[in-house]
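Asks: Sequence first, then the predicted structure:
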Amino acid sequence: MALEIARHIPPLAAKRGLDSALMFAALGVMPVEWKASGEYEDRREEAEERIAARDPDDWPTVALALKLSLPVWSQDKDLTDAGIKVFTTGELLGALPDAGDEG
């Protein structure tokens with residue numbers, strides 16, 4: 001999964017005028033916690049119902065988001081249609097300039 005994310009860093013950094021080395025460093029220290037499918041299997045039926053019309057293969061992402069009551073980081077519009085909160089890469093990168101502001 002981290003490799004899938006990493007391949008997007010150079011073009012995103014260039015597009016946003018950010019330092020790709022810093023973005024790779026940030027990815028390396030992100031607190032990623034991998035979950036076994038058994039930990040969200042109890043939400044499978046609901047997830048499948050929510051995503052069935054768009055992309056049934058995305059049920060694990062929907063089930064995990066439901067189980068943990070957390071948003072998802074994705075560019076996949078199918079997930080938004082499943083009724084879970086989705087943050088796009090652009091939204092997250094857009095928040096970076098404001099990070100640390102005590103406003």
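Replies: Alright, I've got the coordinates.
Asks: Trp45: neighbouring residues, count only.
Replies: For residue 45 the amino acid is Glu, not Trp. 11 (other CB atoms under 10 Å). All C-beta atoms are positioned from the backbone trio N, CA, C, and that covers glycine.
Asks: Assign a three-state SS to it, would you?
Replies: helix (DSSP: H, G, I helix; E, B strand; the rest coil).
Asks: can you pull the pLDDT of it?
Replies: With respect to pLDDT, Glu45 scores 97.
Asks: these two touch, right, Pro71 and Glu91?
Replies: No. Using CB atoms under 8 Å as the test, Pro71 is too far from Glu91 to be in contact (10.1 Å).
Asks: tell me which helix or strand of the chain sits lowest on mean pLDDT?
Replies: The weakest-scoring helix or strand in the chain, judged by mean pLDDT, DSSP states H and E, is helix 2-6 (a mean of 74).
Asks: buried set for the following helix or strand past that one?
Replies: Scanning forward in sequence from helix 2-6 by DSSP states H and E, the next helix or strand is helix 9-16. Buried positions in helix 9-16, judged by neighbour count with 16 or more other CB atoms under 10 Å: Ile9, Leu12, Ala13, Arg16.
Asks: same for the least confident helix or strand of the chain, what does it pack against?
Replies: Counting contacts by 3 or more CB pairs under 8 Å, 6 or more residues apart in numbering; DSSP states H and E, helix 2-6 is packed against helix 20-29.
Asks: Can you give the domain ranges for this structure?
Replies: Domains of the chain are assigned by automatic domain parsing as 1-33, 35-103.
Asks: among those domains, which is the most enclosed?
Replies: domain 35-103 (a mean of 14; mean count of other CB atoms under 10 Å).
Asks: Excluding covalently adjacent residues, which one is nearest to Leu12?
Replies: Thr89 (6.1 Å; CB to CB, 6 or more residues apart in numbering).
Asks: any idea how far the spatially most central residue of the chain lies from Ala47?
Replies: The C-alpha lying nearest the average C-alpha coordinate of the chain belongs to Trp73 (CA atoms, centre = their mean; 1.7 Å). Remark: distance between Trp73 and Ala47 (CB to CB, to the nearest Å) = 17 Å.
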